[in-house]
Each structure stands twice: as C-alpha cells, then as structure tokens.
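Enquirer: The following comprises the amino acid sequence and a computationally predicted model.
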2 protein chains.
Amino acid sequence: MRKIQVKIPSCPKSSYCIAVGAGSLPKILAQIRKSLPGKELFLITDANVVKAKHLKNLLGKEKLPLFIITPAGEKSKNIKTVIKIIEEMEKKALGRDCVVIALGGGTVGDIAGFVAAIYKRGVPVIQIPTTTVSQADSSVGGKTGVDSSVSKNAFGSFKNPAAVFIDVSTLKTLDKEQFNTGLVESIKHALIADEEYLKYLQKNLKVILARKAKPLEYIAVKNCRIKASVVEADPYEKNKRRVLNYGHTIGHAVESASNYKILHGQAVAIGIIAANIIEQKLGFGGKERLAGLKKLFGKLDISLKIPKTITKRQILDIISRDKKAVKKWPRFVLLEKTGKVLCKKGQFAHKTERKIVEETINILIKQKF
Amino acid sequence: MRKIQVKIPSCPKSSYCIAVGAGSLPKILAQIRKSLPGKELFLITDANVVKAKHLKNLLGKEKLPLFIITPAGEKSKNIKTVIKIIEEMEKKALGRDCVVIALGGGTVGDIAGFVAAIYKRGVPVIQIPTTTVSQADSSVGGKTGVDSSVSKNAFGSFKNPAAVFIDVSTLKTLDKEQFNTGLVESIKHALIADEEYLKYLQKNLKVILARKAKPLEYIAVKNCRIKASVVEADPYEKNKRRVLNYGHTIGHAVESASNYKILHGQAVAIGIIAANIIEQKLGFGGKERLAGLKKLFGKLDISLKIPKTITKRQILDIISRDKKAVKKWPRFVLLEKTGKVLCKKGQFAHKTERKIVEETINILIKQKF
C-alpha cells in the first residue's frame, strides 16, 4: 500500500492521508476502527456499489448503520437525498462524535461529504472511492455539492476528508463506459501538470484498459499527487485550484444541458476540446495537441459529439451562471503548453472574449475540429 | 462607534470586526459597499424586521435583491426555508462573488449564515443583528444551523461572518418579552466569565430596561468581548467554546419539548437554574447565587416554570440526543464559582451522573428551588 499525505498549510489539522492499494478493501474497516477508537460509524453508499459487492467486501461479517442511495447516480445527487440521510442519522441518535464513511463513486462521495459537512455543524468523513473518476478526482480535495431543482451543486461546501482509501481492484466491476470516461480526469491532470504523465497514459493505454493492478495503482498515485499539490496550494479555490477546472466550464454546461444524460467524463472531454480550440485561437498550443487528444479520446470510445437537442444559446446561458462567473461571465482555465496552465498576473482563470467562446461552441456543435 | 476585533488564530483570514454603535443603521450599507467594491449584495431579513422599519432604515433609497422570511421566527428556521432562499439566489444568477447580508434576530442570522455557508460552496455573510439575543450571542462566533423535521439545528455549519454591525437603537422596537428574555445571554456571559459584569447587570437593570443607548452599548461591547475571547480560543467548539453552552443543555431540551412555544431566553434561564442546582449538588456554589439569579430573572418577568405538558422522560430523551452527547449522554458545563467555569483535566464539559440530572429535573418540574 502506498501513502500520499495531503497537507493544508493554512489549517494543519485538516491534513489527511490517501492510502492506495490493490485488494485492500477488506482490511479498511479494521484500520478505521483502530485509528478512531470508540467512534460511531455511519456508512453511505449506493445501489450500484451493493450490486458490485464492494459493500460486502468492505464489511465482511461486521454490521454498520448505513444508508443506500437509490437510485444510484446523478439523479439522486440533490438536496432531497441529503435531507433523507440526515433525518436517518438523527433517528439513529448519532451525535457529533460519529464519523461518516463514503463508499462509492463521485455521487456518493459528494453527497456523503456534504452530509458530513453539515450534520450537526460537521462530523468527519472518510472517502473510499470505487470509480475511476472518484479515485482520480472527487475523493481528494474536499469539494462537495448537491443539486437544487434549479442548478448543479447549488448546495455545497469544502469538506476535507479525514482519510481517503483507494482500492484499485474495485474498478474491475465498472462497465466499460464508466471506466473509460473516468480516465478523462487523469488526462486532465496530465494536461495541466505533467507532460510525461500524458505520454505514459498514451503509451500504456492497453494495460490500463485491461485494468491491471500495477498501472492502475500508478495512475491513482500520480492523480492524487497532482491533485494534492494543487489543493495544498489553494484549498478553498481562491485562485490556483481553478486549474482543476480545466475543461470543466463548457464541459459542465454540456453535461447540464443534456440533463445529465452525458456522463461527466464525456462532458469534460468535450470541454477539454473546447479549451484547446480557445487556446489555438489565442495562439497557445497548436493543432498537434488537439489531434493527439482526439485520438486518445477515440481510443477510449468517448464520443465528442454534442447531442442535437443542445443549442448554443443553452450553453451560453448555463456558463453565465457558472459558480466562478464574475459579472455573469465565466473565466477560463487555459494551457500555455502541455503540462502548464496559463498564468497572467498571478491569475489562473482568464477573461475570454464572448466572440471567441461563441465561435468555439459553433465549432463544437458543427464538429469542425 | 466602538470596534472589537475577533481573531481566529488558526485561520487569520477568518478574523473579523464587530462595530457597535447607536443609530448607525442608515450608514452601514455605504460602509459595506466601500469595503467590498463591486460585490453583488443579497439581503435576507424577516417580516418582523420589515414591520419594525429596520429594512427601510438600512436601505434608505437604495434597492437590493432580497428575501423576506415569512413568517418570522423559529417556525421558519428549517431546511425548507434555506432551499427556498438558495433557489431564489440561483434564479437571480448570483455567483460565488456575491455577499449575503443578514438583517434581523437570531433566526435570520442562523438561516442567512447557513445559506452563505453552503451557497455554491460558500460566500461571505455580514451580520446585522437587531435583537438582544442576536446582538449578545448568535451574530458572533459563526455558529449557524436550521432544523429538520426530526430535531433542532440538525443542519448547520461554522461560518464566521465577514463583519458584524450592531446598532443598539434597533432594540427599541422589540416587545418587552423579547427584549427581556434576550438579556439572559448577557447574564450567561457574566456568569461564565466576569463576576463584575454580573454585578453591573444587577445594579443597572433599570436603565437597561429603559433601553438607554449608553448602557445598551456597554453591554453589547461587554458581550462581544467575552464571546470573542472564547471563540478566539476555540472557534470550532472542540473544547473551551463549550462554556458558551452554559445553561443550554437542559435549556434546549425544555425549549424543544415545548415545541418552541417557550422563547429561547426563557428556556436558557431555566437551564441556568438547572446548572446551578447541579452545581450545588456537586458542592460548587451555594444557595446565594441561585437566589440572586431567581431574583434577577424575576425582575425581568421571566417565568422559570416548566409547562405542565412537559415530562421528565421527554427532557431526558432530548438531552440524550444532544449534539455534544458522548455515547448518548450529554456533558454539562458547570461553574466553579461566579465568573469561572469548572475545568478538569483541560475539559470544560463534564460527565454528570444520570441520578443527579434526574433529581435536578424533578426539582425544576416541582419548582422546589
């Protein structure tokens, strides 16, 4: 098992450890009990995780009070689910000395993290991510959020986990689409921070797609290191952390406009292409990177098409309500070159002319890239 | 205008300033605009505050997007109100660069603080408390919370305000019961931290009840100083901050058992008497302090009777679900002497035998003190 420490210099007590292993799931509960003696544990998971037998694998013969999110997926990632879970915890008379364990993908992690952030003004949360996207991204860094009836992640908070346990063996049960689209966050990490890592992903795609333990452990560690270094520098997304939003501005908008029929990873892949088109228009990065990415996404069987039901107006409307919008227009994270985010006057997210963004959306819709 | 700085040593960026004045309300908005240029402001208040003309007084000829909580009071302090407000903010396309202003009593402050804590993962909140209880207590220190259908403050977080503005002139519009019960938090502050302050309150009660500006400013500053010193030492209630819960364990239970028909201050007065009975049983503090407090609450016309509908079992059941309960039994904050909280082995909240607590509740119910 390999360990990565995430330090939060502004609040050393919030620092935490990520443990990466293969086949480690059955040993995690004993480790939690050992490090948190006497704490009441409450487990949050979803119907998919139960079906994949990860819950059984984690618990063994133990029993824990738990909540199974049904149906699994984005559909349940809303404030109503949070209310149901919290009322369940209250009925079980759990005090502020309890600890929430999140076992599952990004949706479970987001919901459970937010529940832990607001239950009786906050209890610790331990993340056990079981998908490519949550192991690469959402389990680390403390962002939590659920949707309102109006928009995505309208409710949320920053809630650093007390610990993260990654067992890459859990990825074996994912269907191909989920596994592959989850790798987009790894590609994003490589693009913003490490050109060599991008080359590794391109060269080793076959063994990664075969879900071999060694390369999966390697990329889990790589992702966590990159994400940790960004989060350490800026835990509350005042500035540098925005680099993690690379590809997410238009990505989120497409995801939202599709009513979440498009998977997050696919939407971010489209968003990454959008960012590359904008970069080209601004004179950063040539056609080569864009072509390489198209090829890589192709190998992952990720379609870069925007569904016909989605209009330019819709995308523009959604990005104007972006959480990080300033005066109702988003700022874009852009690459100066592969592995390096453009930074001007200390800022990592940039004002980008409306005309350029509109042209980019046209290119995406017409698939002319 | 007098200023008190609240420092958060563990997170210097969270430090904030409390400005205390008389008749300052009409000048506050200009000050906020000056210190936060370009920020979109969103105001949260309630129907009582509008009726008392504080909103008009604050805004003058300006207009702000706002939400008026209706009906005012505890009844609206729940997650449903929070959802309504957040959806309203989303519809107004407010970004993460907006600032929430809370104008009103403890309920408004709690709701608005929690909204600000979770809106798009957190935006700043400015507190403008307009009641004795919120000026003395809830506007400072960052505790926020709203109720679920199961219990009080089930949802909440720690959210330090960006600034607090106290205009003691706003207290003139309170009805007598609200004004007087709100003073109980001042009495609590005196009991836990400052014997001289208790004497001041006893001696100057007449001018305080006449709502003269000078004594009201004096007690506002005194309260904020005491609360700030506690909050600075322990912003997230890991230990010392618990002293602020003096009188609140049984107080909260009585308030909750009455279905919030009893005002918070009255409930805390009963809780303070309960703490004094426990202290006597444990050999701390004699009958004199208890007699003095009975007299003081009497002058404030605060009834110490527990409504007949409330049973011992009900109170015991509620305290076992206290947020700070350990293994389903609360810890009690107790005085070693007037102005000094009992501290054993570095702990400020103490295991207290069930028998003693049950006897105390019996004494309260039978009014034999």
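Expert: Noted; the coordinates are in hand. The structure displayed is predicted, hence computed values, not measured ones.

Enquirer: Close to chain B: what parts of the stretch 201-350 of chain A are there?
Expert: Those residues of the stretch 201-350 of chain A that sit near chain B, judged by C-beta under 8 Å from any C-beta of the partner chain, are A:236-237, A:320-326, A:328. All C-beta spots, glycine's among them, are computed from the backbone N, C-alpha and C.

Enquirer: what about 10 Å?
Expert: Proximity of the stretch 201-350 of chain A to chain B, by C-beta under 10 Å from any C-beta of the partner chain, involves residues A:236-238, A:317, A:320-330.

Enquirer: Pop the domain breakdown of chain A in here.
Expert: For chain A, whose domains are defined here by automatic domain parsing, the residue ranges read A:2-177+A:211-225, A:245-366.

Enquirer: Out of the ones you listed, which is the most enclosed?
Expert: Mean neighbours per residue, mean count of other C-beta atoms under 10 Å in any protein chain shown, is largest over these for domain A:2-177+A:211-225, with a mean of 20.

Enquirer: what helices or strands is the helix or strand harbouring A:L364 leaning on?
Expert: Counting by DSSP states H and E, the element that carries A:L364 is helix A:354-366. Applying 3 or more C-beta pairs under 10 Å, 6 or more residues apart in numbering or on different chains; DSSP states H and E, one finds that helix A:354-366 makes contact with helix A:248-257, helix A:264-282, helix A:312-320, strand A:331-332.

Enquirer: switch the cut-off to 6 Å
Expert: helix A:264-282 (3 or more C-beta pairs under 6 Å, 6 or more residues apart in numbering or on different chains; DSSP states H and E).

Enquirer: how near is the residue nearest the centre of chain A to B:D301?
Expert: Note on chain A: the residue nearest the mean C-alpha position is A:S138, at 3.3 Å, using C-alpha atoms, centre = their mean. Here A:S138 is placed at a distance of 55 Å from B:D301 (C-beta to C-beta, to the nearest Å).

Enquirer: Look up the closest residue to A:I315, ignoring the ones flanking it.
Expert: Counting by C-beta to C-beta, 6 or more residues apart in numbering or on different chains, the nearest residue to A:I315 once its immediate chain neighbours are dropped is A:A253, at 4.6 Å.

Enquirer: so that neighbour touches A:R321, yeah?
Expert: No - proximity of A:A253 to A:R321 does not meet the contact threshold set by C-beta atoms under 6 Å, at 9.2 Å.

Enquirer: what's in contact with stretch A:357-369?
Expert: For stretch A:357-369, contacts defined as C-beta atoms under 6 Å, 6 or more residues apart in numbering or on different chains pick out A:274, A:277-278, A:306, A:312, A:315.

Enquirer: Taking the residues you listed together, which two end up most distant?
Expert: Checking the contacts of stretch A:357-369 against each other with C-beta to C-beta, the farthest-apart pair comes out as A:I278 and A:I306, at 15.8 Å.

Enquirer: quick check: angle from whichever strand or helix holds A:R289 to helix A:264-282?
Expert: Counting by DSSP H and E, the element that carries A:R289 is helix A:287-299. Per axes from the mean of the first three to the mean of the last three C-alpha atoms, to 10 degrees, the angle that helix A:287-299 makes with helix A:264-282 is 170 degrees.

Enquirer: For stretch A:189-202, list every residue counted as buried.
Expert: Of the residues in stretch A:189-202, those scored as buried under the neighbour-count criterion (16 or more other C-beta atoms under 10 Å in any protein chain shown) are A:189-194, A:197-198, A:200-201.

Enquirer: Could you tell me how far that stretch lies from the centre of the chain?
Expert: 17 Å (C-alpha atoms, centre = their mean, to the nearest Å).

Enquirer: First-to-last residue distance for it?
Expert: For stretch A:189-202, the first and last residues are 13 Å from each other (C-alpha to C-alpha, to the nearest Å).

Enquirer: what sits up against the longest helix along chain A?
Expert: Within chain A, and with DSSP state H defining each element, the longest helix by residue count is helix A:213-233. By C-beta under 6 Å, 6+ apart, the residues outside helix A:213-233 that reach it are A:2, A:4, A:6-7, A:18, A:20, A:22, A:135-136, A:140-141, A:166, A:168, A:186, A:189, A:193, A:197, A:204, A:207-208, A:240-241, A:244.

Enquirer: 7 Å instead?
Expert: A:2, A:4, A:6-9, A:18, A:20, A:22, A:135-137, A:140-141, A:166, A:168-169, A:171, A:186, A:189, A:193-194, A:197, A:204, A:207-208, A:240-241, A:243-244 (C-beta atoms under 7 Å, 6 or more residues apart in numbering or on different chains).

Enquirer: Assign a three-state SS to the nearest residue to A:A102 once chain neighbours are set aside, would you?
Expert: Closest residue to A:A102 in three dimensions, ignoring its sequence neighbours and counting by C-beta to C-beta, 6+ apart: A:A112, at 3.4 Å. Under the three-state scheme (DSSP: H, G, I helix; E, B strand; the rest coil), the conformation of A:A112 reads as helix.

Enquirer: Pretty sure A:A112 sits against A:L103.
Expert: No - using C-beta atoms under 7 Å, A:A112 and A:L103 do not qualify as a contacting pair, with a distance of 8.4 Å.

Enquirer: Same list, the contacts of stretch A:357-369, but as a markdown table with pLDDT please.
Expert: Listed next are the contacts of stretch A:357-369 as a markdown table, based on pLDDT from 0 to 100:
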| residue | pLDDT |
| --- | --- |
| A:A274 | 97 |
| A:I277 | 96 |
| A:I278 | 96 |
| A:I306 | 94 |
| A:K312 | 96 |
| A:I315 | 96 |
